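> coordinates only, sequence not included:
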């Protein structure tokens, strides 16, 4: 066997030796000018671009067969500036045709090319002739079919300019491999490039490359992977009169906010817009894309439905979605109505830029909705944003144990927000509703609330200072925490000057409560407050400052007398101080006059100053007066300065 292999190897070695000698001889007798001209002609035939060589030309036949052009420009016949400039363009030659003195390019490598694409307002570009030539050359049955098996791009730059939108984009450090495994059918490109500071790994493949170049229908698969965003498409594409795409699209991002910023879109103000994922059936026509069978996830919220997005002069998003559980807390976490650690309204200006970024028309339904501490049951609401005006409407929501309906409108005027709110709460838990909506935690029971408000301002404090509108409340079977009217009245009826040590303890139960309030320039005028129970009755009138969040009310509390009995005990009282912790104290003069011991004394004092002094002493005994702050002690320096020299 060894002898046989030795005999077989000798002819093979001789053949390779002859081949090497033939290649060497070929290099001696090769017409290098004809080779250069043949390569230039093939590049022109395949690409439709003229080769303009400004630098040197390197030719090698053995051991590698190639032609390298330095400082090359490729441009159309009618173009002034080259559409493609290459520092070094190398055309590798096919070996067997070269032995037969035929020059055929197998593949092309472009080192540090600069690709310049200019798109005009009609949708064409300076590369349109190139694309048309490729399609014509590769079409089955075309004369002199020529093509390259592969084009490699290394360290390239692509500059894209859209004259219609005045936009300019640059892709850098491009490393791509463009391949035609089957010249008349498929096409594939894989590689990486830099865009806006991020490295992107991408691939694209077409099932019918000629149809794709001609604008006919072709299968298309595309994938782009970067740190901010991942995008994939699998479907069909055509470009007869306008671009059309149909297939499955998937989008994934760890932070939608960062992805929007990276793509040049304005991210919404506030929190949220983190983890994002979308999968849908897409149908793109021109500048509009319709998404069906949508499955979208944002910040842990998952919804299904349909969406439509268009970018014809202005971005517009329409959607109809249904979800199980929705949590809107991330989007309102940065919206603080009250200043942190204080009772004052927040004076930080609103960020209203997001109202002008896009138009929105959304219908959304959910089985459960969470908005901060508020829990809602089955909810259906809509959002409409157009020309800087936002309108939110709640068709029906299970809220605070009852039903809520209403609308909220926000219109932007420079840095000022014009707000209109109307909502109705039916048979709700008053403790939860009053606490979360108005910061009032003293009320419990069930009832109905109707509110219609208008305000304008650049901050929550500005809105509170300009508040206009009305609010009505009807409730039943509840209580007001902080004092027990019945016990207090009975004690004061027996001993009017017994003090007020228990004024701020206990609670006052009621059968019904009715409240009517009118707002004007941030001041709430209490037109009527009636609280009734079998044993007591309370009426209140006065004002409440919304900017200062303080009460200034006067009322009358009375015991309900039995039928046929004399009228029950009545006590005027005052409510003053902050909303969350008001001071409630009785009218001192009324208590004095009810006391047999002090009434003659008060009547006997005719002098006004003496009368007021006596009254002040009795108020301190009863706890009925507001404590005034003690005068500030003057600083030592100021005291010394006041001494005479």
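Received the coordinates, thanks. Just so we're clear, the structure is a prediction, and the values are computed from it rather than from any experiment.
> what about the helices in the protein?
For the chain, the helices defined by DSSP state H occupy 2-29, 32-47, 95-99, 128-138, 209-214, 256-262, 329-332, 430-438, 460-465, 485-494, 588-594, 599-604, 608-622, 636-642.
> which stretch in these has the least confidence?
Note on the helices of the chain: lowest mean pLDDT is at helix 636-642, with a mean of 41.
> My understanding was that residue 311 contacts residue 284; is that so?
No. Taking contacts as CB atoms under 8 Å, residue 311 lies outside contact range of residue 284: 10.8 Å. All C-beta atoms are positioned from the backbone trio N, CA, C, and that covers glycine.
> any weak-confidence spans in the stretch 301-450 of the chain?
Where the stretch 301-450 of the chain drops to pLDDT under 70, the residues are 333-343, 354-357, 439.
> which residues does residue 508 bridge with?
Counting by DSSP bridges, residue 508 forms beta bridges with residue 480.
> Can you give me the buried ones in stretch 249-262?
Neighbour-count burial for stretch 249-262, counted by 16 or more other CB atoms under 10 Å, picks out 249-253, 255-260, 262.
> Tell me how far residue 171 lies from residue 194.
Distance of residue 171 to residue 194, computed by CB to CB, to the nearest Å: 7 Å.
> Likewise for residue 265?
20 Å.
> so what's residue 387 closest to, chain neighbours aside?
residue 359 (7.4 Å; CB to CB, 6 or more residues apart in numbering).
> Contacts only, for the one you found.
By CB atoms under 8 Å, 6 or more residues apart in numbering, the contact set of residue 359 is 314-317, 385-387.
> Scan the residues you listed and report the most crowded one.
residue 385 (21 neighbours; other CB atoms under 10 Å).
> Need the contact partners of stretch 300-314.
For stretch 300-314, contacts defined as CB under 8 Å, 6+ apart pick out 275, 280, 286-297, 315-327, 358-359, 364, 366.
> center of the protein - which residue?
residue 268 (4.0 Å; CA atoms, centre = their mean).
> about what we covered before: in JSON lines, list the contacts of residue 359 along with distance to residue 515.
Below are the contacts of residue 359 laid out as JSON lines (distance: CB to CB, whole Å):
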{"residue": "314", "distance to residue 515": "45"}
{"residue": "315", "distance to residue 515": "45"}
{"residue": "316", "distance to residue 515": "43"}
{"residue": "317", "distance to residue 515": "41"}
{"residue": "385", "distance to residue 515": "34"}
{"residue": "386", "distance to residue 515": "36"}
{"residue": "387", "distance to residue 515": "38"}
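> any idea how far residue 508 is from residue 435?
Separation of residue 435 from residue 508 (CB to CB) stands at 18 Å.
> hey, what's the residue nearest to residue 387 bridged with?
Under the criterion used (DSSP bridges), residue 359 bridges to residue 316.
> and if you look at residue 425?
With DSSP bridges as the rule, residue 425 is bridged to residue 404, residue 449.
> Also residue 114?
residue 85, residue 157.
> Give me the neighbour count for it.
So residue 114, with other CB under 10 Å, has 16 neighbours.
> Hmm, residue 85 and it touching each other?
Yes. If you go by CB under 8 Å, residue 114 and residue 85 touch, sitting 4.6 Å apart.
> Tabulate the buried residues of stretch 249-262 (CSV), appending distance to residue 74.
Output for the buried residues of stretch 249-262, formatted as CSV (distance: CB to CB, whole Å):
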residue, distance to residue 74
249, 34
250, 36
251, 35
252, 38
253, 37
255, 41
256, 40
257, 41
258, 38
259, 35
260, 37
262, 32
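> what's the closest of the residues you listed to residue 578?
residue 257 (37.7 Å; CB to CB).
> Wait, the closest one touches residue 267, no?
Yes. At 4.6 Å, residue 257 and residue 267 qualify as touching, with contact defined as CB under 8 Å.
> Common neighbours of the two, please.
residue 273.
> Out of the buried residues of stretch 249-262, the closest to residue 350 would be?
residue 257 (18.6 Å).
> what sits against that closest one?
267-268, 272-274.
> Distance to residue 58 added to those, as JSON lines?
Shown next, in JSON lines, are these (distance: CB to CB, whole Å):
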{"residue": "267", "distance to residue 58": "51"}
{"residue": "268", "distance to residue 58": "56"}
{"residue": "272", "distance to residue 58": "58"}
{"residue": "273", "distance to residue 58": "54"}
{"residue": "274", "distance to residue 58": "54"}
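> Return the subset of those lying in strands.
Among the contacts of residue 257, none falls in strands (DSSP state E).
> Drop anything exposed from these.
For those, buried by 16+ other CB under 10 Å: 267-268, 272-273.
> In JSON lines: the residues you listed, plus pLDDT and distance to residue 34.
Listed next are the buried ones among the contacts of residue 257 as JSON lines, based on pLDDT from 0 to 100; distance: CB to CB, whole Å:
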{"residue": "267", "pLDDT": "76", "distance to residue 34": "60"}
{"residue": "268", "pLDDT": "75", "distance to residue 34": "65"}
{"residue": "272", "pLDDT": "87", "distance to residue 34": "68"}
{"residue": "273", "pLDDT": "89", "distance to residue 34": "63"}
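> Could you double-check that residue 232 lies in contact with residue 223?
Yes. With contact defined as CB under 8 Å, residue 232 reaches residue 223; the gap is 4.8 Å.
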